[in-house]
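K.L.:
Here's my sequence, what's the structure:
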Amino acid sequence: MKAYLVPLSVLGTFVGGAVLLKDNVTGGTCPSKATIKGKTVVVTGANTGIGKETALELAKRGGRIIMACRDMGKCEAAAKEIRGETLSHSVYARYLDLASLKSVREFAERINQEEERVDILINNAAVMRCPYWKTEDGFEMQFGVNHLGHFLLTNLLLEKMKASESARIINVSSLAHVAGTVDFDDLNWEKKKFNTKAAYCQSKLANVLFSRELARRLEGPLFWLLVKSPRLAAQPSVYLAVAEELEGVSGKYFDSMREKEPAPQAQDEEVAKRLWVTSAQLVGLEETPSRSRGGKTASAKQK
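P.N.:
Below is the predicted model of the structure:
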């Protein structure tokens, strides 16, 4: 594997995967007892549901938790609750609006300036089945928040994550990716009649394809898991974030922690490459990681 500016032993592993959630299926609890004392974790959409439970579980394991949310009132309340339950003073609320590229850039700049390193990035936040409206930058809301916001955030934090000895990126997707297609001619639903379900499925397929292409560019692993309920749904994210046995594992798909093939359209490398290039253009990202730099990736979810 070619160098990614620094040796892999220094860069660590970007564990890539997407956790797929379906309400009638349970993924079980995280089997790993590993702790992450001293590691910094960024969790988007962490004020409720899966994100909050993920932040709580990782705080219990000793992590320095940065909860990135749009609603700061709820985020501060959730952070206070987690601090009280874990007796940890290292749980912080930070403003991030994934529907605004300006906000994503400001958040990433703050993290890059204030944090010595970022060890784990969990792209969990999502909007689902919303009526037609656009983000601040003119993108269809579900595609803009669920995919483009996290795409930009991940790329802006990659350099900082290289300071970690074992960094992991976790993109949370959904079983809805199975019904998704990426319409490159009308990503923002400006030409055809809007279908909120189809738009959501497109955004969730984009999560999967993003994870696949990021893993390819960083030569890292790809994991998929199927889970249930906020507490149980958080377990795969926790597992991907802490499990020591996942070091060096690459190119795998898991359903309830058992290897399984993802949807055929989620394995289309050409579509994944095209989506990456298109996304980079849409968010104004000039430099993106290339395969020649080496390294590894991560991902997980529901909604």
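K.L.:
Quick check: buried residues in the longest helix along the chain?
P.N.:
The longest helix of the chain (DSSP state H) is helix 196-217. Buried residues in helix 196-217, counting neighbours by 16 or more other Cβ atoms under 10 Å, are found at 196, 198-217. Heads up, the C-betas are built off the backbone N, CA and C, glycines and all.
K.L.:
now stretch 112-123
P.N.:
Buried, per 16+ other Cβ under 10 Å, within stretch 112-123: 115, 118-123.
K.L.:
Out of those residues, give me the two with the largest separation.
P.N.:
E115 and N123 (16.8 Å; Cβ to Cβ).
K.L.:
picking up where we left off before, now the buried residues of stretch 112-123 as TSV including pLDDT?
P.N.:
Shown next, in TSV, are the buried residues of stretch 112-123 (pLDDT from 0 to 100):
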residue	pLDDT
E115	95
V118	95
D119	93
I120	92
L121	94
I122	93
N123	92
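K.L.:
what ranges do the strands span in this structure?
P.N.:
16-21, 40-44, 64-69, 91-95, 120-123, 168-171, 222-227, 254-255, 258-259 (DSSP state E).
K.L.:
elements contacting the second one?
P.N.:
If contacts are counted by 3 or more Cβ pairs under 8 Å, 6 or more residues apart in numbering; DSSP states H and E, strand 40-44 sits against helix 49-60, strand 64-69, strand 120-123, helix 150-161.
K.L.:
mind redoing it with 10 Å?
P.N.:
On a contact count with 3 or more Cβ pairs under 10 Å, 6 or more residues apart in numbering; DSSP states H and E, strand 40-44 meets helix 49-60, strand 64-69, strand 91-95, helix 101-114, strand 120-123, helix 150-161, strand 168-171, helix 230-242.
K.L.:
Next: the third one.
P.N.:
Strand 64-69 makes packing contacts with strand 40-44, helix 49-60, helix 72-86, strand 91-95, helix 101-114, strand 120-123 when contacts are defined by 3+ Cβ pairs under 10 Å, 6+ apart.
K.L.:
Can you tell me which of these is most buried?
P.N.:
strand 120-123 (a mean of 32; mean count of other Cβ atoms under 10 Å).
K.L.:
With only the CA atoms kept, save that strand in PDB.
P.N.:
The C-alpha trace of strand 120-123 is given here as PDB (Å, rounded to 0.1, in the frame of the first residue of the first chain):
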ATOM      1  CA  ILE A 120     -13.500   8.700  15.600                       C
ATOM      2  CA  LEU A 121     -16.000  10.500  13.300                       C
ATOM      3  CA  ILE A 122     -19.500   9.100  13.400                       C
ATOM      4  CA  ASN A 123     -21.700  10.600  10.600                       C
END
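K.L.:
quick one: that strand to chain centroid distance?
P.N.:
For strand 120-123, the gap between its own C-alpha mean and the chain's C-alpha mean amounts to 5 Å (Cα atoms, centre = their mean, to the nearest Å).
K.L.:
List the pairing partners of it within its sheet, with orientation.
P.N.:
Each strand paired with strand 120-123, and its direction, by DSSP bridges: strand 40-44 (parallel), strand 168-171 (parallel).
K.L.:
Taking strand 91-95 as reference, get the angle to the first one.
P.N.:
Between strand 40-44 and strand 91-95, the angle formed by their directions is 50 degrees, by axes from the mean of the first three to the mean of the last three Cα atoms, to 10 degrees.
K.L.:
quick one on the thing from earlier: turn the helices and strands packed on strand 64-69 into a markdown table, including distance to Q235.
P.N.:
Output for these, formatted as a markdown table (distance: least, Cβ to Cβ, whole Å):
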| stretch | distance to Q235 |
| --- | --- |
| strand 40-44 | 14 |
| helix 49-60 | 8 |
| helix 72-86 | 17 |
| strand 91-95 | 19 |
| helix 101-114 | 26 |
| strand 120-123 | 13 |
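K.L.:
closest one to Y239 among these?
P.N.:
helix 49-60 (9.8 Å).
K.L.:
Taking strand 40-44 as reference, get the angle to that closest one.
P.N.:
Using the same axes, to 10 degrees: helix 49-60 against strand 40-44 is 170 degrees.
K.L.:
What average pLDDT does helix 49-60 get?
P.N.:
The average pLDDT for helix 49-60 rounds to 94.
K.L.:
ok, and for stretch 123-135, which residues are buried?
P.N.:
Of the residues in stretch 123-135, 123-128, 135 count as buried by neighbour count, 16+ other Cβ under 10 Å.
K.L.:
Looking at those, which one is closest to C30?
P.N.:
Looking across those and measuring by Cβ to Cβ, the closest to C30 is N124, at 15.5 Å.
K.L.:
Please look at that closest one and A68 and confirm they touch.
P.N.:
Yes. Using Cβ atoms under 10 Å, N124 makes contact with A68 at a distance of 9.2 Å.
K.L.:
Identify the contacts common to these two.
P.N.:
42-46, 51, 55 (Cβ atoms under 10 Å, 6 or more residues apart in numbering).
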